[in-house]
Structures are given as structure tokens and as C-alpha cells.
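> what's the 3D shape of this:
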Amino acid sequence: MLNSTHLSAQIAVVIPCFKTKKHILDLIARIGSEVCAIYVVDDCCPEGTGDHVKVECKDPRVNVIYNSMNLGVGGAVMSGYSAAINDGYDIFVKIDGDGQMDPALIPSFVSPIISGDADYVKGNRFFDPESLTGMPFIRLFGNAVLSFFTKLSTGYWHLFDPTNGYTAIHSEVAKHLHFHKISQRYFFETDVLFRLGLQGAVVYDLPMAAHYADEESNLNIRKVIPEFLLKHCRNASKRFLYRYILRDFSLATLEFFLGLILILFGTIYGASRWYISAHGGPLASAGAVMLAALPLLAGLQFLLAFFNYDMLAVPKRAVHPSLVHQSKVKSQIVNVQKGL
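Numbering: from 1, shown residues only. The predicted model follows:
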């Protein structure tokens, strides 16, 4: 549980709702007293979850937000974030309304942020293999593939389970996410990680148990993998451009380009000599073989060195304490100017 040093942090919970009428009231009832506000975002729910909560729920912490059109889970969460920012809360915890996520874990999610060790905390259902017995194989395989590409596109090589929607974020970090640029549907959590990487934010992976009951998931792994892979390639390209060219043209940048050039040269030269030999031309000499093989091996070493550098460059110091300080200084300056 949160101790007295945590009480200064105002915690808000954001619950995106689409076809969650069956579970929402029980979920709200299980949210502990450490939470100051609960934002139920009705994402144009056909079941009328928002109206159901307004009529049946008497918890004074609950605020119902309606999206005029279905924006997807990302759009619903950002609606909740915007409301929580306007109301001045410090930490936003996002949980789904379908009952898969245990509200009792909220103190564990916010603690690394309050202590200044992290800017963003996300769940990881893969930490304990014993907890995965109820998870379908296609989800296990899909998450493994998507996790690898998430590492490439975000730079957070220590993270796993990228589609896990149980998250917590500091408000000052959330303010810098540029909501209008973030994917509004199922790629939302991964796109947030990409944006956090550009900020240099510290992300913490919190182990949690996987839970599957009678709820229905709207996420179809088979359908989203092709879409996700394309978006990962886009974000990986952007991250390389921002991180290794515009912000810091370093030795790692040279290693990447040298590795790419050498591999391309070795591949093209080797393929051309093989083609000539396969179509009746002279057999490639030992020198020709080495001329193809050596650039390939050297290029591979350069690329491995680049990725080693990238893995070691994962942010380790939380940025939200300095952002909070800057915000306070700006506020003080504004107050002084108003008093003049």
C-alpha cells in the first residue's frame, strides 16, 4: 500500500469503455482509496456504458466522458488524459473496463513514478511462465514477435508485452506526448513508447499475472500483426533519424552506415559472381569469394556494434522531476508578472 510519503501524489484512473457494461461497476468498486478521480470514457459504446455508470454508480470520484464518435482505445485514453491534465492530477493510471486488470495493483504501478525511478510503468504478463497457462498460443507468439519489433522501434530493449494496456504515467510526461500524433487504436500503447523514447523517459516493466475469464478481447492478433509491423518500421526509421542523425551524429551512426554499405556490397558482389558461375561462366576464384565474404562479415560486426550501443543507451534517469521543476518555475514567473 501507499505510505504517507505517497499521499502528495494525486492519482487519477482512466478507463476506456467499449462493450464493457457487464464489468464496469465491479471494476470501479474495486478501485482503492489511493485514487482521487476515476474517468470513465464512453467511446461511443453501443451498450451505453457511460449512461449505465451515471445511473448506477454512486462513487463521487467518477467522471463520465463521452466521445461523440468511436476513436478506439487510444483516442479514449487520450480523452481521459486530457481531462486529468486539465483537472491537475499528477499520475494517470490506465486500466481496461473488461475486468482483466486488477485495480489492487495500482499502488505498485504508481510507486516507481512517485519515487522518481520511472516516468512510465507498464505491465508485463510474461515475467512468470506459470501465469501464462491460460493464454492462447497465438497471443504468446504474436506478443513475442511484436515485442521484438517494439524494441527496434522504441529503443526500450528491456521491455516485453507491448500490447499490455495496464499503464501509469506522470502528468508532466503525458503533456509532452503530442496526443494528435499518436495512433488512436490498438497501436496506441506501442506508439506511446515510441514517443516516450524520443523524450528520453524511463520506462519500467512491472511483472503481473495474466488473467482471462469470460471477457471478450477486441484485439485480433492475426489481423493487427501486419499493420503493427508497418508502423514499427515507420517508427524505427523516425527514431534512427531523430536519435542518430538530427540529435547526435556519433560513432554509432558511422557503424550503422558502414555496416549497411559493406553488407550490401558483399551481397551484391557475391550474388553477381554466383549468377555468372551458375550460367556457364568461370568459377569464382578464392579471392573473389573472400571479396564477397569479408565485407559481409565486417558489415555484420559493425551492425552488431551499433545495436550494442543502442541497447546500452536505454534511458536510466527519469525526466519528470526536472519537468515538474520547470513547470513550477514557469508558474512562479507568471505569478510574478501578474503581480507587477
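
> how near is Val224 to Asp191?
From Val224 across to Asp191, the span is 13 Å (Cβ to Cβ, to the nearest Å). Where C-beta positions appear, they are placed from N, C-alpha and C, glycine not excepted.

> can you check Ser111 too?
25 Å.

> and for Lys175?
Distance, Lys175 to Asp191, by Cβ to Cβ: 17 Å.

> repeat that for Leu25.
Separation of Leu25 from Asp191 (Cβ to Cβ) stands at 31 Å.

> more crowded one of the two?
Asp191 (22 against 17; other Cβ atoms under 10 Å).

> and the more buried one, that's in a helix?
Yes: when classified by DSSP: H, G, I helix; E, B strand; the rest coil, Asp191 is found to be part of a helix.

> how about it: what's its closest non-neighbour residue?
Take Asp191 and drop its neighbours on the chain: the residue closest to it by Cβ to Cβ, 6 or more residues apart in numbering is Ser183, 4.3 Å away.

> what stretches of the chain score poorly on pLDDT?
Along the chain, the parts satisfying pLDDT under 70 run over 1-7, 130-135, 210-222, 334, 337-340.

> mind jotting down where the strands sit in it?
Listed in chain order, the strands of the chain (DSSP state E) span residues 11-17, 35-42, 62-66, 91-94, 120-124, 167-170, 203-207.

> save the ones you listed as a markdown table, and put in mean neighbour count and distance to Pro321 too.
Supplementary listing: the strands of the chain in a markdown table, determined by neighbours: other Cβ atoms under 10 Å; distance: least, Cβ to Cβ, whole Å:
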| stretch | mean neighbour count | distance to Pro321 |
| --- | --- | --- |
| strand 11-17 | 28 | 17 |
| strand 35-42 | 24 | 21 |
| strand 62-66 | 17 | 28 |
| strand 91-94 | 26 | 13 |
| strand 120-124 | 24 | 14 |
| strand 167-170 | 26 | 9 |
| strand 203-207 | 19 | 15 |
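
> so Arg125 touches Asp161, yeah?
Yes: under the criterion of Cβ atoms under 8 Å, Arg125 lies in contact with Asp161, with a separation of 5.4 Å.

> pipe the strands of the chain into TSV and attach distance to Gly142 per row.
Conversion of the strands of the chain to TSV gives the following (distance: least, Cβ to Cβ, whole Å):
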stretch	distance to Gly142
strand 11-17	21
strand 35-42	26
strand 62-66	31
strand 91-94	21
strand 120-124	15
strand 167-170	19
strand 203-207	18
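
> among the ones you listed, which comes closest to Ala271?
Closest to Ala271 of the strands of the chain, according to Cβ to Cβ: strand 203-207, at 41.0 Å.

> so how far is that closest one from its chain's centroid?
Taking the mean of its C-alpha atoms, strand 203-207 sits 11 Å from the chain's own mean (Cα atoms, centre = their mean, to the nearest Å).

> list of residues touching it?
Residues outside strand 203-207 that contact it (Cβ atoms under 8 Å, 6 or more residues apart in numbering): 105, 108-109, 112, 117-124, 127-128, 156, 158-161, 193, 196, 315.

> can you give me the helices in the chain?
With DSSP state H as the criterion, the chain has helices at 21-29, 49-56, 72-86, 106-114, 137-154, 171-174, 188-199, 221-241, 251-278, 286-312, 320-339.
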